[in-house]
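**Q** Fold the stuff below for me.
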Amino acid sequence: MNVKNRIIDLLNNYKYDKYSNIYLNTYFNANTINEKEKGFITEVFYGVIRNKIFIDYCINKYTKTVKKKWIESLFSLSIYQAFFMDSDIKGVAWEGTELAKKKYGVGLSKFINGVLRNVFRNKEEIIKELKEKEEYDILYSYPKWLYKRLKESNPEKYLEILTSYKENGKLSIRVNKLKYTEEEFEKYLQNNEINILKKVDTVYYIDSAKILTSSIFKKGKVIVQDASSYLAARELGAKKGEKVLDVCSAPGGKSLVIAEIMENEGEILALDIYEHKIDLIKKNIQKTGATIIKPKLFDGSKLEELDMKFDKIILDVPCSGVGVMRKKPEIIYSKSNEGISKLMEIQRKLLNSASKVLKVGGEMIYSTCTIIESENTGNIISFLKNNQNFEVEKIQLEEDVKYTEDEIGGITIDYRNKCLDGFYMIKLKKK
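**A** Predicted coordinates:
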């Protein structure tokens, strides 16, 4: 199959409530495609999703209606190539026309040729007009609600934030020190000609995904995990022999970090509300050898019913997830202000529940993979006002991890990090 037909096929069948990475990997596993073609497909597929609002704007500006999904997908991949890749514009228009001719005949191919040439001819004017009107939400493809929030909370830097989170995400791999060493992993990378883009502690950002089919990955010597998530678990400061609670655990990445830090001595109770996610945690335990993790199907808003107290708690709450939009660009299209409000109710309920089962003198990390302040600083200010027996413990990360500190001591790993996810964490101690 022609590589562009593959991309059209992917876009035709993709629904924006699906995880794009899982969808694309499933497609690759089901089809025989060489590495060069995989690279091109990945770039264009994610690029179209990442720039969906802008691309749709261009299509709608130069057509009245596009009735066929196939034609819409052809327009999308062609416009992405013309605006965001170093492509020959005339060549892109010609290829699009030829694909349409083979699919629908000469008549429709002339229409497609005309639309593409119109869009491409006015490329600079389209961008200039959006900038002059300050319609940056369209130019950088952000839903209006999110654009307004980011602009209001960062009036001087919002354009930098908008452009930064539209860059390509980087694959992050963490070394499982229960089974492997950093030296062994670095030697593996060197032998397989895989480059290290950035290293944060035991997390490596690399330039090749072929490691995901390797024996060291299948044996649990390395796992996929972002450094932001890793740092939240590391900063909990769990010690050997302690009793730790991971409230919203699946797929278990933070529990695995904590088990490693505890040298697999102690107890980690890993909760989740969905049975299929508990199964996923179990598989990761078996794969990595982190045997102190005990998965349990349980509602994190009712922790007092456990009748247990914990030395440390990690509370990575369900959130809007907009901090991971580099890796999951579709995530911002399925959210809304109303949805954020509902999430905040859940977040506060979980936080209050966790606070009740933490021992006096115990510590808790509250974290999210969002950069929306109301889910982060706003929630904690409200919590501290009603729970004066809690205080904030200072977190200080490596110098090469860029972060900002809020007025209460929480930190946001921010847009200046070109590899790390946007992430918030704060450490609370029960007095």
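
**Q** Look up how far residue 279 lies from the nearest residue to residue 347 once chain neighbours are set aside.
**A** Nearest non-adjacent residue to residue 347, counting by Cβ to Cβ, 6 or more residues apart in numbering: residue 317, 4.5 Å away. The way it works is simple: take the backbone N, C-alpha and C, and place the C-beta from them, glycine included. Between residue 317 and residue 279 the computed distance is 22 Å (Cβ to Cβ, to the nearest Å).

**Q** And for residue 272?
**A** Counting by Cβ to Cβ, the gap between residue 272 and residue 279 amounts to 10 Å.

**Q** Please say which of these two ends up with more neighbours.
**A** Neighbour totals were compared for residue 272 and residue 279, and residue 272 leads with 24 against 14 (other Cβ atoms under 10 Å).

**Q** What residues are bridge-paired with the more buried one?
**A** Note on residue 272: beta-bridge partners residue 297, judged by DSSP bridges.

**Q** List the contacts of it.
**A** With contacts defined as Cβ atoms under 8 Å, 6 or more residues apart in numbering, the neighbours of residue 272 are 248-250, 278, 281, 295, 297-298.

**Q** now residue 348
**A** Remark: with contacts taken as Cβ under 8 Å, 6+ apart, residue 348 is in contact with 379, 382-383.

**Q** List the neighbours of whichever strand or helix holds residue 233 that are in contact with it.
**A** Of the helices and strands defined by DSSP states H and E, residue 233 is found in helix 227-234. In this structure, residues lying in contact with helix 227-234 by Cβ under 8 Å, 6+ apart are 172, 174, 200-203, 205, 253-255, 257-258, 261, 314, 316, 323, 365, 367, 369, 397, 401, 413, 419-423, 425.

**Q** same question, stretch 192-209
**A** 170-175, 177, 182, 185-186, 189, 210-211, 214, 225-227, 230-231, 234, 398, 400-401, 419-420.

**Q** before we move on, back to that, would you write a ChimeraX line that selects the buried entries of the contacts of residue 272?
**A** For selection in ChimeraX, the members of the contacts of residue 272 meeting the burial criterion (16 or more other Cβ atoms under 10 Å) are listed in this command:
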select :248,249,250,278,281,295,298
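
**Q** Going by distance to residue 108, which of the contacts of residue 272 wins?
**A** Closest approach to residue 108 among the contacts of residue 272 (Cβ to Cβ): residue 250, at 46.7 Å.

**Q** Which residues are in contact with the closest residue to residue 23 other than its chain neighbours?
**A** By the measure of Cβ to Cβ, 6+ apart, the closest residue to residue 23 outside its immediate chain neighbours is residue 14, 6.0 Å from it. Residues touching residue 14, when contacts are defined by Cβ under 8 Å, 6+ apart, comprise 20, 23, 49.

**Q** what about the helix holding residue 233, distance to the chain center?
**A** What separates the centre of helix 227-234 from the centre of its chain is 14 Å, taken as Cα atoms, centre = their mean, to the nearest Å.

**Q** pLDDT on that helix, on average?
**A** Here the mean pLDDT over helix 227-234 is 98, rounded to a whole number.

**Q** Enumerate the positions of stretch 115-125 that are buried.
**A** Using 16+ other Cβ under 10 Å as the test for burial, stretch 115-125 gives 115-117, 119-120.

**Q** Now do that stretch: distance to the chain's middle.
**A** The chain centroid and the centroid of stretch 115-125 are separated by 32 Å, computed with Cα atoms, centre = their mean.

**Q** Which of the contacts of residue 14 are buried? Put it as a ChimeraX command.
**A** Here the buried members of the contacts of residue 14 are turned into a ChimeraX selection, burial being counted by 16+ other Cβ under 10 Å:
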select :20,49
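
**Q** Give me the pLDDT value at the closest residue to residue 280 other than its chain neighbours.
**A** Taking Cβ to Cβ, 6+ apart as the measure, residue 280 lies nearest to residue 251, with 4.8 Å between them; neighbours along the chain are not counted. Here the pLDDT value assigned to residue 251 is 93.

**Q** Neighbours of residue 341, how many?
**A** Here the number of neighbours of residue 341 (other Cβ under 10 Å) works out to 10.

**Q** which SS class is it?
**A** At residue 341, secondary structure determined by DSSP: H, G, I helix; E, B strand; the rest coil is helix.

**Q** Likewise for residue 314?
**A** Secondary structure, three-state DSSP: residue 314 is strand.

**Q** thinking again about what came up before, okay, and which of the contacts of helix 227-234 map to strands?
**A** Of the contacts of helix 227-234, the ones assigned to strands by DSSP state E are 172, 174, 200, 203, 205, 314, 316, 365, 367, 413, 423, 425.

**Q** Tell me how far stretch 357-367 lies from the chain's centre.
**A** Between the centre of stretch 357-367 and the centre of its host chain there is 26 Å, according to Cα atoms, centre = their mean.

**Q** Tell me how far the closest residue to residue 1 other than its chain neighbours lies from residue 381.
**A** Of all residues not flanking residue 1 in the chain, residue 9 sits nearest, at 7.7 Å (Cβ to Cβ, 6+ apart). Computed with Cβ to Cβ, the distance linking residue 9 and residue 381 is 48 Å.

**Q** do the same with residue 168
**A** With distances defined as Cβ to Cβ, the gap from residue 168 to residue 381 amounts to 35 Å.

**Q** Also residue 357?
**A** If you measure residue 357 against residue 381 using Cβ to Cβ, the figure is 22 Å.

**Q** higher neighbour count, those two?
**A** For the pair residue 357 and residue 381, the greater number of neighbours falls to residue 357 (19 against 14), based on other Cβ under 10 Å.

**Q** contacting residues for the more buried one?
**A** Contacts of residue 357 were listed using Cβ under 8 Å, 6+ apart, and they are 245, 303-304, 306, 308-310, 313.
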